[in-house]
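> Compute the structure for the input listed below.
(one chain, ligands or ions: 1)
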Amino acid sequence: MSFDLYDLTCDYLESPIGIDSKNPLFAWKMVCEKSNTIQTAWKIQVSSDGVTVWDSGKVDDCQSFGIIYAGTPLESGKCYIWHLQVWNNHGDFAVAEGCFEMALLYPSDWVVKWVEPTQLPAYNEPSMDFHKIMKDGFVELDKIKMQPAQMIRYTFSLPMKEINRARAYATAHGIYQLDINGDKIGDLELTPGNTEYPVYLQYQVYDITKNIISGKNALCMTVGDGWYCGKVGLVGRSCQYGDRIAGIFQLEVEFVDGTKQIFGSDDTCKSTDGPIRYADLFVGQKYDATIECRACSKPDFDDADWNSVFVKDYGYDNLRAEFGEPVKVCEEFKPKAVYKSPRGEWIVDTGQIMAGRVRMRIKGEKGNVVTLEHTETVDKEGNYLYNMFGRFINQTDTYILSGKGDEVYEPRFTFHGFRYIRVTGYPGIPTKDDFDVQVIQSDLVKTGEFSCSDERLNQLQRNIFWSQRSNMISIPTDCPQREKAGWTGDVQVFARTACFNMDMRAFFTRWLRNVRLAQKDDGQIPIVVPYWKAYHPGGVLHGNTHTSSGWGDVATVLPWALYTAYGDKQFLLENYEMMKRWVEYIRYTARTELPENSGNLTDERRERMKYLWNTNFHFGDWLAPSVTVDPETGDVSPIYSAFSTMDIVPSCFFAYSTQLLATAAQELGHYKDVEEYESLLKNIKHAFADEYVDEQGHLPKELQGLYVLALKFSLIPKEKIPGAVSKLVALIEENENRLDTGFMSIPFLLDVLQDNGRIDVAYNLLFQDKCPSWLYAVKMGATSIWEAWQAILEDGTPTIVSYNHYAFGCVGEWMYRTIGGLKAMKPGYKHFVISPNPAEQLTWAEIKYDSVHGSIGSMWKKSEDDICIEVNVPVNTTATIFVPGKNNRILFNGKEINYDYNKGIMVGSGAYTLIGKI
Ligand code: BGC
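Sure thing, here's the model as predicted:
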């Protein structure tokens, strides 16, 4: 068959069994043996039990994703089949079928009760001064204050009838795991995930058809503290949402005879604590295997001495089915080495900085205690060195042996950011075989691949990928060890690279739901989402606002990045109101507030100030190297990079967000808004130019990052651009071709140079390996992206920072786009350009990108007298290919063609080889 459909998805998943969107989204991809293939029409018929609930009719359109269900209302718990027909421009026709199952669509579908075990409340850790924590370094935990995980046991009996289908719907206050009749249900981790719990708590849907039987059954739900009542973030505050663990589960069993039973958590449940003496996402987990519990989810287990539970009225309004890919163990591998350090301690070296845990095999005497302490670094000699500062960030798992022969331990209620583990108390000599390293992440599909002739760049891309997967655990986080927090700025910076590497559609859709829910009434977007109390004013933030420029701007940047990468207007539609309210917040702040010490302003300047965002605290160009040092003490102090750039950076983002909003308004046809925000943008640009740009195009501060931002966001008047560019280049050269940009400006550094005719300087920076530079870390053996450029000093001394922050990895996208040459010209790569920039330093490069239309490939190779490019263009797209360099002849699939260097060559789907002969 020459024309085929594949990757049929509903709400971004293949055959999902628990979606609760009332209008789910359909998508598919196509392959065709013939070139130049375009979809001309599609038709979807959705049915359940033979009854058609939607027939779209034949729709003459080339769209193959983001198709919104528009039939009669879908029903809770029902299975649907969607039958797809697609026609193409060659007259071919293809059919395929997908299915999906609805979860519980309405709060009234819940007939069971929330239950709370008999328990001591979690200790409410008070807030602690952030600066004291920074000073004190690592703050040890008082383990006596930790409470055990709770087990909720429920027994039920089913009639002697054949079971057709059974589902469990479950969630918890805390992190939970379900066992039925002695078996763990599903392979999900860290359920229910991390969301804005009071308004958005996910429940999971499990197929339990094979786990239950006629007659007696038992279920056990184990619940640990998790994000709900555990300790979070740098300051280790506990009880973000409450101080008591709770659970809810509803089982629905359909019998072959057509009858159905619905039941689950209620006052018949019993509870007790068990072997998990405590479980915390930051502190770690302690498991006492001498406390027998394995049989408690078996029907004949005697629970006579268990406690009763309390039925609670927490309601069902905030419950939503899990959306997108769940968290799982996505890879397992053996450690690279287990060695005895010079200090005589056992160290497991996994060989890779990552997020997850280890499974340990062990045999020894009852009561033996083994601890596993996780860190990202060892010192120069190979001794254990803990690289975190902060409070209660122990990352230590403890196991007390049962003494019953071979034992296996796998901490299920926590995860760590680490490469090394110090193992203490292990009976005998630990070997690699005793450990399996488990990588935990949201189960996202990898979509990007990059390779080239310089192995250092390949390692850099691998490092970026590892930092991405380590920080995509339910929400996008800053780092998987110290904070595990949804820092909005980090995502803002990294989103475009993330979308190249992995299919981020569902993941970011879910997180943006949280962002919308966390947005303040006045439009502020919090610095972290979910917005934990630990990060409210008075904690990490200076001042009283909830936001910072560059962080809150995720509200405009992320929807736009998603739309560009994936082409679905839904990303803009869903978020447009939030984008607008964010820009309005900035506009209001700029209009109504004046910076302290602004003195007597002339009328002209007073007017100008209305378009400059220059009040309150901001993180500025966070971690720009040259200003990350306290000028008074000489100490490295990240906060100083904020103080020294926060006067100018916010106005840059005011312009950027306003521009993105105006462009989004244009796409959505909100033409009044287009006018409104374009005129606002004009005013911001004028105000910026008048206040900060001098005659030569220079800014008041000689910092690379400020020039990058001002140039990127078109804040320098046209005639002054050459002056600004020369200054930027001069700053780079004075810095010996090393970058000096922070979180906010780094995504644009290489682009700004390239766009202004200085790709030579961009490549100098990329291939630089002296600190600060991307390849410095590679040279020093990095396996991930570091938070700070100088995390490991030249002499090999490791410093106390995170070694797993993806923000500086945003260069990944530039490498795909510039070295690979792939650039979307229409959203979702409907039309794209392949225009590689073969750096002098490289002889070949290859990228693959699995777009929403299918796989795009670009490979180039140069020799002394020619350059060869191979391109793959998926069905339903077109591409313009540019052959780099000034070639005398161009061969296209073996035949010489007339070729215009300015226009390139436009092609439809297919595989192409172009050779440029010099
Ligand atoms: C986090 C960052 C975050 C920053 C705010 C840090 O502690 O780890 O990645 O964006 O604070 O500046």
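> for the ligand, what are the nearby residues on the chain?
478-479, 483, 487, 489-490, 619, 622, 805 (CB under 6 Å from any ligand atom). (Glycine included, C-beta is placed from N, CA and C.)
> Let's see that with 8 Å instead.
Taking CB under 8 Å from any ligand atom as the criterion, the chain approaches the ligand at residues 234, 478-479, 482-483, 485, 487-490, 527, 540, 548, 551, 619, 622-623, 638, 642, 743, 787, 802, 805, 807.
> Okay, now the unreliable bits of the stretch 251-400 of the chain?
In the predicted model, the stretch 251-400 of the chain carries no residue with pLDDT under 70.
> Residue in it with the shortest distance to the ligand?
Of all residues in the stretch 251-400 of the chain, Gly390 sits closest to the ligand, at 9.1 Å by CB to the nearest ligand atom.
> what about the residue lying closest to that residue once chain neighbours are set aside, neighbour count?
Nearest residue to Gly390, sequence neighbours excluded (CB to CB, 6 or more residues apart in numbering): Leu234, at 4.6 Å. The tally of other residues near Leu234 (other CB atoms under 10 Å) stands at 25.
> wait, what's in contact with Leu234?
If a contact means CB atoms under 8 Å, 6 or more residues apart in numbering, then Leu234 has 130, 133, 390-391, 393, 482-483, 485, 534, 540 as its contacts.
> and which of the residues you listed is nearest the ligand?
Ranked by distance to the ligand (CB to the nearest ligand atom), the contacts of Leu234 are led by Glu483 at 5.2 Å.
> And the residue in the stretch 101-250 of the chain positioned nearest to the ligand, what's its pLDDT?
Residue nearest to the ligand within the stretch 101-250 of the chain: Leu234 (6.1 Å; CB to the nearest ligand atom). According to the per-residue confidence, Leu234 scores 86 in pLDDT.
> Quick check: the gap between it and Cys330.
From Leu234 over to Cys330 the distance is 27 Å, taken as CB to CB, to the nearest Å.
> Also Gly91?
According to CB to CB, Gly91 and Cys330 sit 42 Å apart.
> Which of those two has more residues huddled nearby?
In this view Gly91 and Cys330 are compared by other CB under 10 Å, and Cys330 has more residues nearby, 17 against 8.
> Could you grab the helix/strand/coil label for that one?
For Cys330, the secondary-structure state derived from DSSP: H, G, I helix; E, B strand; the rest coil is strand.
> hang on, it packs against Val437?
No - if you go by CB atoms under 8 Å, Cys330 and Val437 don't touch, sitting 11.7 Å apart.
> picking that back up, burial count for the residue of the stretch 251-400 of the chain closest to the ligand?
The burial count assigned to Gly390 is 21, neighbours taken as other CB under 10 Å.
> beta partners of it?
Note on Gly390: beta-bridge partners by DSSP bridges are Phe138.
> Tell me who's in contact with whichever residue of the chain sits closest to the ligand.
At 3.5 Å from the ligand, Asp478 is the closest residue in the chain, using CB to the nearest ligand atom. Shown here is Asp478, whose contacts under the criterion CB under 8 Å, 6+ apart are 471, 484-487, 490, 802, 805, 807.
> In helices, which of the residues you listed fall?
Secondary-structure check on these using DSSP state H: residues within helices are Asp490.
> So in this structure, where's the weakest helix or strand by average pLDDT?
Taking mean pLDDT, DSSP states H and E as the measure, strand 138-139 is the helix or strand of the chain with the lowest mean score, a mean of 67.
> Break this structure down into its structural domains.
Listed by automatic domain parsing, the domain ranges of the chain are 3-102, 107-324, 329-442, 448-819, 827-917.
> Let me know the pLDDT of Lys135.
Residue-level confidence at Lys135 comes out at 72, pLDDT.
> Surely it is in a helix?
Yes - remark: Lys135 belongs to a helix, assigned using three-state DSSP.
> Going along the chain from the longest strand that the chain contains, find the next helix or strand for me.
Among all segments of the chain classified by DSSP state E, the strand with the greatest residue count is strand 346-362. Moving toward the C-terminus from strand 346-362, the first helix or strand encountered (DSSP states H and E) is strand 369-375.
> Touching, Met825 and Ser835? I think so.
No - Met825 is beyond contact range of Ser835, at 10.4 Å (criterion: CB under 8 Å).
> got any residues that touch both of these two?
Between them, Met825 and Ser835 have Thr880 as joint contacts when contacts are counted by CB under 8 Å, 6+ apart.
> ok, the two, which is more surrounded?
Relative neighbour count places Ser835 above the other of Met825 and Ser835, with 20 against 12, counting by other CB under 10 Å.
> pLDDT value on that one, please?
In this model, Ser835 is scored at 96, pLDDT.
> so who does it touch?
Contacts for Ser835 (CB under 8 Å, 6+ apart) come out as 821, 823, 880-882, 884, 904.
> do that again at 7 Å, thanks
For Ser835, the contacting residues are 821, 823, 882, by CB atoms under 7 Å, 6 or more residues apart in numbering.
> I'd like those residues laid out as TSV, including neighbour count, pLDDT and secondary structure.
Formatted as TSV, the entries for the contacts of Ser835 read as follows, by neighbours: other CB atoms under 10 Å; pLDDT from 0 to 100; DSSP: H, G, I helix; E, B strand; the rest coil:
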residue	neighbour count	pLDDT	secondary structure
Gly821	23	97	coil
Lys823	14	97	strand
Phe882	20	95	coil
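> which other residues reach stretch 417-437?
With CB under 7 Å, 6+ apart as the test, stretch 417-437 has contacts from 332-335, 337-338, 345-350, 352-353, 355-356, 358-364, 368-376, 378, 384, 395, 470, 479-481, 804.
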